[in-house]
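S.K.: Show me the folded form of this:
(2 chains)
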Protein chains: 2
Amino acid sequence: MTGAALTADERRDWLRLRRTENVGAVTFHQLLDRYGGAGRALAALPDLTARGGRTAPLAIPSAADAAREMAAGEALGARLICACEADFPPLLAALDPAPPILWALGRADLFQGPAIGIVGARIASAAGQRFARGLAQDAGEAGYVVVSGMARGIDAAAHEGSLATGSIAVLAGGIDDVFPPENQGLYERLAAEGCVVSESPPGFRARARDFPRRNRLISGLAQAVVVVEAEMRSGSLVTARLAAEQGREVLAVPGSPLDPRAKGTNDLIRQGAAICEGFDDVLRALGAPGALREPDAHDPYLPDDGADAASVELRDRVAALLSPTPTPRDELVRLTSAPVAAVNAALTELALAGRAELLPGGLAVAAGT
Amino acid sequence: MTGAALTADERRDWLRLRRTENVGAVTFHQLLDRYGGAGRALAALPDLTARGGRTAPLAIPSAADAAREMAAGEALGARLICACEADFPPLLAALDPAPPILWALGRADLFQGPAIGIVGARIASAAGQRFARGLAQDAGEAGYVVVSGMARGIDAAAHEGSLATGSIAVLAGGIDDVFPPENQGLYERLAAEGCVVSESPPGFRARARDFPRRNRLISGLAQAVVVVEAEMRSGSLVTARLAAEQGREVLAVPGSPLDPRAKGTNDLIRQGAAICEGFDDVLRALGAPGALREPDAHDPYLPDDGADAASVELRDRVAALLSPTPTPRDELVRLTSAPVAAVNAALTELALAGRAELLPGGLAVAAGT
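M.R.: Presented below is the predicted three-dimensional model:
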């Protein structure tokens, strides 16, 4: 779907269709697929709507409305990028559904790099903010762009840590909707040195219900999302859930059960999120998903054939095989090709002689080492 | 192996065999199995030792030595319990190898109850100690005995929280080896209201190398072990490893990556230990080991058969199936027995009419609810 070049008219039709009442991303792509183009979909809308059982006509923005939004964004120095275009973030294009359009202010080239999301509580602890800043720095040094939501607390710290290397802020309102006000300076640096993106029209003020869509964009722009601090039922957990649905890695920073800001992250770990104690954990999650546990390697013992004769020769061979590293009895059995009972008897005698020490779990070590 | 009644002579022979130079728990049980009794094993030792390649005779305690240890323990008010006896802790008896003998001072009846181990750092944070105390209280209220090691920090807090309901202290030295000295008062309360146990002879001062055996007893006496705070390479991690080897549940309390005392517990969680944020987590681990993750239940969509006719009837049936709870598209397909494309078309039309909202991930909700 990427790589197409749109004419100015086609771009305007994409914007009109996207801004049409009741047309979400899913509906947008279904209409595009069904009618083969945004213009034809716009033409079919009135009839479709009537068949849906609605009598009032659908609010479809006019060409002039779309031109006004284009002009407003361009006046801010931003660009509209459609999902079918080459500049559209590849990770977002891979989503089902992809966001149909995106306003981008600043370095759109950052979309091409590997990226991780760092999100978390607005009312974050100093330690949490320090951790987020350090994680973002480490990510940047490793060549990863950092994506966050420019909120107070963890988000702001993540941007601060990554401004020098590559930072993308995703806004729920328009690309000019700076909130909270104290992030004005951060916003200006992000627009100049990093990138600010939004699905909303310029001038649009974010409402509470616009944040899940913003969160979906944060995780969608990243290969992995790290949640640094989060209370239960917080927006960061929504981002984590969306990331998991998008097939992106989810990591969470653990914290004390006595800290309510760790409840959400600990719960994520409980549900299968990888533990994040530093950027190495992100790299590990991206490199080898699901390979974090080391399986126990414990072969069952060979069957006991009841032999009882522990020869001097076997005893000395067993003694020679022992070292300060605990050795499983079955390994001794295998290496000596002797019956289990004979090896056991040899070990017992070596232990009594102070030449071996028998450990729980069928292990033996050389004594006096 | 439990339930036998030992004569005074047999008990003395068990003690002598256990205290024989180079006879650990593994060797003890192998000798007992091979010779059918501690007395006969003692008689066979000199010959066995010579065959093991040792010329100096083995140091076997005399009957008088054993009688002295018996008298010393009984003078403290303690009892010697052998692994074959009915009073021996059933969870310890189930170990391979079981500790052959145990000195117990206080309420041996506590061995019969369900029990959890709570262990952790000696130099523990105030928060960690508070958590351990609360966890021990909650365990006690739920009818669980608490087992710990009577060390400073987490161990002491765990005992304090469970003295009123049932607390077992496992010592590396003899049952009279109070360490650290500031735990003298706690020790006296444990001996009076709870239970103090040890594998070592009375009067024995613990050395560093005696602690792994002590740790094995803590986990062995418990169905589950919770590690509250632990630095990397600390004794609590040894206890956790031993617990896992014994088939006991291992839980760990998460903590901030910036707290070195959380490094060990976070690492345990990383290796598969269950997260412990409270006693409910212990109960969950005991009830349903390994069932903590909720699997994603996402059926693949039914194959698209290309149909395009969305009837009014189907649209209304789809509308009736929608609710404020997101409903998967494949569920609508199944419930309507209609082709995927027809359901998609119906959903698109309902969305355009403002009667449905289409969500990412193939979900739909009733609009305006």
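S.K.: make it CA atoms for all contacts and neighbour counts henceforth
M.R.: Fine.
S.K.: Buried residues, the longest helix seen in chain A. List them.
M.R.: Longest helix of chain A, by residue count under DSSP state H: helix A:126-141. For helix A:126-141, burial by neighbour count (16 or more other C-alpha atoms under 10 Å in any protein chain shown) applies to A:128-140.
S.K.: Could you list which of those residues also contact chain B?
M.R.: Restricting the buried residues of helix A:126-141 to those touching chain B (C-alpha under 8 Å from any C-alpha of the partner chain) yields residue A:131.
S.K.: Output the buried residues of helix A:126-141 in TSV, with distance to residue B:176 appended to each entry.
M.R.: Converted to TSV, the buried residues of helix A:126-141 look like this (distance: C-alpha to C-alpha, whole Å):
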residue	distance to residue B:176
A:128	46
A:129	49
A:130	48
A:131	46
A:132	50
A:133	52
A:134	50
A:135	50
A:136	54
A:137	54
A:138	52
A:139	54
A:140	58
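S.K.: now, which of the buried residues of helix A:126-141 sits nearest chain B?
M.R.: residue A:131 (7.7 Å; C-alpha to the nearest C-alpha).
S.K.: In contact with that closest one, which residues?
M.R.: A:228, B:258 (C-alpha atoms under 8 Å, 6 or more residues apart in numbering or on different chains).
S.K.: Show me which residues of the stretch 151-300 of chain A are close to chain B?
M.R.: A:245, A:253-258, A:266, A:270-272, A:274-275, A:277-278, A:292-294.
S.K.: possible to save the buried residues of helix A:126-141 as CSV with pLDDT?
M.R.: Shown next, in CSV, are the buried residues of helix A:126-141 (pLDDT from 0 to 100):
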residue, pLDDT
A:128, 89
A:129, 92
A:130, 91
A:131, 95
A:132, 97
A:133, 97
A:134, 97
A:135, 98
A:136, 98
A:137, 98
A:138, 98
A:139, 97
A:140, 97
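S.K.: picking that back up, now, the residues of the stretch 151-300 of chain A next to chain B that are in helices?
M.R.: Using DSSP H, A:245, A:266, A:270 are the members of these that sit in helices.
S.K.: neighbour-wise, which of those residues leads?
M.R.: In terms of neighbour count, residue A:266 stands highest of those at 29 neighbours, by other C-alpha atoms under 10 Å in any protein chain shown.
S.K.: which ones are touching the nearest residue to that residue once chain neighbours are set aside?
M.R.: Leaving aside its sequence neighbours, residue A:266 sits nearest to residue A:254 (C-alpha to C-alpha, 6 or more residues apart in numbering or on different chains; 5.4 Å). Applying C-alpha under 8 Å, 6+ apart to residue A:254 gives the contacts A:262, A:265-266, A:269, A:275-277, B:254-257, B:266.
S.K.: rerun that using 10 Å as the cut-off
M.R.: If you count contacts by C-alpha atoms under 10 Å, 6 or more residues apart in numbering or on different chains, residue A:254 has them with A:227-229, A:261-269, A:274-277, B:253-257, B:262, B:266, B:269, B:275.
S.K.: what is the residue lying closest to residue A:328 once chain neighbours are set aside paired to in the beta sheet?
M.R.: The spatial neighbour of residue A:328 that comes closest, neighbours along the chain excluded (C-alpha to C-alpha, 6+ apart), is residue A:363 at 4.4 Å. Beta-bridge partners recorded for residue A:363 (DSSP bridges): residue A:328, residue A:359.
S.K.: Which residue would be the closest one in chain A to chain B?
M.R.: Across chain A, no residue is closer to chain B than residue A:255, which sits at 3.8 Å (C-alpha to the nearest C-alpha).
S.K.: can you give me the strands for chain A?
M.R.: Assigned by DSSP state E, chain A shows strands spanning A:79-82, A:101-106, A:115-119, A:145-148, A:167-171, A:195-198, A:224-227, A:249-252, A:274-275, A:327-328, A:356-359, A:363-366.
S.K.: who touches the last one?
M.R.: Judged by C-alpha under 10 Å, 6+ apart, the contacts made with strand A:363-366 from elsewhere in the structure are A:318-332, A:347, A:350-351, A:354-359, B:26.
S.K.: Tell me the buried residues within those residues.
M.R.: Here the buried ones among the contacts of strand A:363-366, as counted with 16+ other C-alpha under 10 Å, turn out to be A:318-319, A:322, A:327-330, A:332, A:347, A:350-351, A:354-359, B:26.
S.K.: What's the local residue count around the residue nearest to residue A:139 when sequence neighbours are not counted?
M.R.: Excluding its sequence neighbours, the residue lying closest to residue A:139 (C-alpha to C-alpha, 6+ apart) is residue A:279, at 6.3 Å. Close neighbours of residue A:279, defined as other C-alpha under 10 Å, add up to 17.
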